Structure formats: C-alpha cells, structure tokens
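S.K.: Show me how the following folds:
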Amino acid sequence: MHRSTLPLSHVLLALAVVAVWGTNFVVIRIGLDHLPPLTFAVLRFTFALAPAVFFLKRPAVPWRNLAAYGVLIGAGQFGLLYIAINGFISPGLASLVVQTQVFFTIGLAMWLSKERVRTFQIVALALAAAGLAVIMAHNSDASATPLGLILILGAAASWAGGNAFSRAAGQVNMLAYVVWASLFSVPPLLILALAFEGPARMIEGVRAADAATWAAVLWQSVGNTLFGYAAWGWLLSRHPAATITPMAMLVPVFGMGASAIFLGESLPAWKLLAAALVMSGLALNIFWPRLQQRLAQA
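M.R.: Presented below is the predicted three-dimensional model:
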C-alpha cells in the first residue's frame with residue numbers, strides 16, 4: 001500500500017541513494033586512475049553479477065529482453081560513460097549531461113507509441129538544449145570536449161533504450177532484473193576491452209589497482225547497483241512514483257558538488273547557467289503535467 005507522505009527515514013534513504021548515484025561519477029574518475037575504461041566496466045558488471053545472481057531469482061521476462069537491456073546499459077551507457085570521463089569530460093558535467101536520457105526516453109516512447117509531442121515537452125527540451133549549447137560554447141575549457149559531449153549523449157541515448165526494455169518487462173524486481181541483465185553486459189564489454197585495450201593493458205591495469213581503485217569498483221557494483229536499485233525499488237513499492245522519482249533530479253547536484261569538492265572541478269558561471277537550464281527542462285517535464293492536473297481539479 002502506498003503512503004501519501006514520506007517519513008524522515010525514507011527521505012534519508014532516498015537521499016542516500018541519489019547521493020551514491022551522484023558521487024558515482026567522481027568514483028568513476030578515481031577508478032580510471034589505474035584501470036582502462038572498458039576494463040573498469042567489465043569489473044563493475046562482473047561484481048554486480050556475482051555472487052548476487054546466485055541468490056536472486058531470474059525475473060519472469062524473456063531472455064532477449066534481459067540481453068537487450070544488458071547490452072544497452074553495459075556496453076552502451078556505462079561503456080561510453082567511462083570512456084568519456086577518461087579525459088574527455090569532467091565528472092560533474094557528465095552527471096548533468098547524461099540526464100538528457102529523459103528526453104531520449106520520451107522521444108523513443110513517442111516514436112514507438114506514435115504519441116503527439118506536447119507543447120511543454122518542446123519547451124522542456126529547448127531549455128535542456130540551451131544548457132547543452134552553453135557547454136558546447138565553452139568546449140575550449142578542459143571540462144568538456146566535443147567528443148566528450150558526443151560520448152555522454154550516446155550514453156544517455158543507450159540509457160533511454162534500456163529504459164524502453166525495462167518498461168516492456170513490466171512489474172519485476174528491478175534489482176534482480178539488473179543483476180541478471182549484467183550477464184549480458186559483461187561479454188560485449190570484455191570483447192571490446194580485449195579489442196581496443198588489449199590483454200596486456202588490461203592485466204597491467206588490474207595489477208596497478210590499489211585499494212582506492214578496488215573501492216571504486218565495489219562502489220560501482222555494490223553501492224550503485226545492488227544498494228541503489230534495491231533501496232529505490234523498496235521506496236517505489238511503498239510510495240507513489242510521483243513522490244519518489246523527482247528526487248532523482250538531485251543526482252547532478254551531488255555529481256557536480258562532489259566533483260568540485262573532491263576533484264577540485266571549478267564551477268564558473270557558465271557551468272551553473274548550463275546546469276540551471278538543463279535542470280529547468282527536467283523539472284518542467286516532470287512537474288508541468290502534475291500542475292495542470294491539480295489546476296484542473298481545483
């Protein structure tokens with residue numbers, strides 16, 4: 001049964017999840033100090049898969065659905081994300097730009113269902129696009145390169161594709177779904193790592209990994225995946241999605257804040273303007289339909 005209000009303990013749990021998801025971008029940067037990006041991704045999904053797969057029942061969804069989600073999220077979203085953060089875009093900006101997955105998700109859903117684009121969605125997309133234009137206008141800054149933006153937008157599009165398959169899976173245990181889908185994330189990432197990074201570089205990276213590197217791997221697999229999805233799914237089972245999901249908008253706040261605090265990433269006015277535009281677009285997309293509904297009921 002869904003509760004209409006969030007107890008303080010549930011608010012704190014939701015904040016803990018978005019904090020883990022947001023600071024995850026800084027953690028990726030730390031792990032990349034020793035590990036090649038695709039090798040890092042292989043380890044991340046390997047530890048997300050095992051040993052959890054032996055304790056969680058496989059969701060009652062077709063294997064092809066799990067495979068599509070695993071490839072899109074593994075090789076698509078995180079493979080591209082890790083490569084981008086490896087010198088092409090700062091973790092803070094990556095945490096912001098990847099949120100454009102919302103618009104890719106909406107566009108894909110409309111293309112599949114033939115829905116009409118609504119005016120507020122066009123305005124929301126224009127705001128987010130303006131934020132990206134601000135970032136592109138400052139691509140001479142080391143915080144973002146054109147290739148970095150392209151890679152992150154590719155990651156966002158892959159995330160949106162994964163969202164389409166997870167929705168098609170219906171009401172399932174999302175933690176079990178993500179764990180079992182990781183079975184299909186590891187092979188393509190491993191093949192890509194072997195092809196582009198090579199066995200020697202992969203082994204060298206693993207040997208050079210220190211405690212901080214392995215902590216980053218575990219943060220990715222245990223914290224970001226197992227804790228994050230388990231806690232978020234638990235909250236969604238007890239509260240309306242409209243109450244819980246808007247809190248995910250805090251992910252870029254934690255991402256940019258953590259990058260500034262722990263990595264010394266600067267936050268000039270143009271970055272704050274870009275963040276304000278992208279976040280305004282996201283907020284408009286989430287809250288405008290609810291505001292219209294309330295005004296109609298008044």
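S.K.: surely Val179 meets Val53?
M.R.: Yes - the pair Val179 / Val53 is scored as a contact, 5.5 Å apart, by C-beta atoms under 8 Å. Backbone N, C-alpha and C define where each C-beta goes, glycine included.
S.K.: What's the local residue count around Gly87?
M.R.: Neighbour count of Gly87, defined by other C-beta atoms under 10 Å: 14.
S.K.: Against Ile152, how distant is it?
M.R.: Separation of Gly87 from Ile152 (C-beta to C-beta, to the nearest Å) stands at 13 Å.
S.K.: cool, and Gly92?
M.R.: 12 Å.
S.K.: got it, and Lys57?
M.R.: Between Lys57 and Ile152 the distance is 34 Å, computed by C-beta to C-beta.
S.K.: Those two: who's more crowded?
M.R.: Ile152 (30 against 9).
S.K.: Return the residues in contact with that one.
M.R.: Residues in contact with Ile152 (C-beta atoms under 8 Å, 6 or more residues apart in numbering) are Leu80, Leu81, Ala84, Ile89, Leu93, Ala94, Val97, Val98.
S.K.: from what I can see the second one touches Val27, true?
M.R.: Read it as Leu81. No - with contact defined as C-beta under 8 Å, Leu81 and Val27 do not form a contacting pair (12.0 Å).
S.K.: Which of those two has more residues huddled nearby?
M.R.: Neighbours were counted for Leu81 and for Val27 using other C-beta under 10 Å; Leu81 has more, 27 against 22.
S.K.: residues contacting the more buried one?
M.R.: Counting by C-beta under 8 Å, 6+ apart, Leu81 has contacts Ile28, Ala94, Val98, Leu151, Ile152, Ala155.
S.K.: next one: Pro59
M.R.: Counting by C-beta under 8 Å, 6+ apart, Pro59 touches Leu66, Ala169, Val172, Asn173, Ala176, Tyr177, Trp180.
S.K.: In what element of secondary structure is it found?
M.R.: Assignment of secondary structure by DSSP states H and E places Pro59 within no helix or strand.
S.K.: before we move on, back to that, show me the two of the contacts of Ile152 that sit farthest apart.
M.R.: Greatest spacing in the contacts of Ile152, by C-beta to C-beta: Leu80 and Leu93 (14.5 Å).
S.K.: Please enumerate residues in contact with stretch 217-233?
M.R.: Stretch 217-233 has contacts (C-beta under 8 Å, 6+ apart) with 13-14, 16-17, 20-21, 24, 27-28, 31, 35, 40, 43-48, 52, 173-175, 178-179, 182, 209, 244.
S.K.: Confirm for me that Ala193 is in contact with Arg44.
M.R.: No - between Ala193 and Arg44 there is no contact under C-beta under 8 Å: 11.7 Å.
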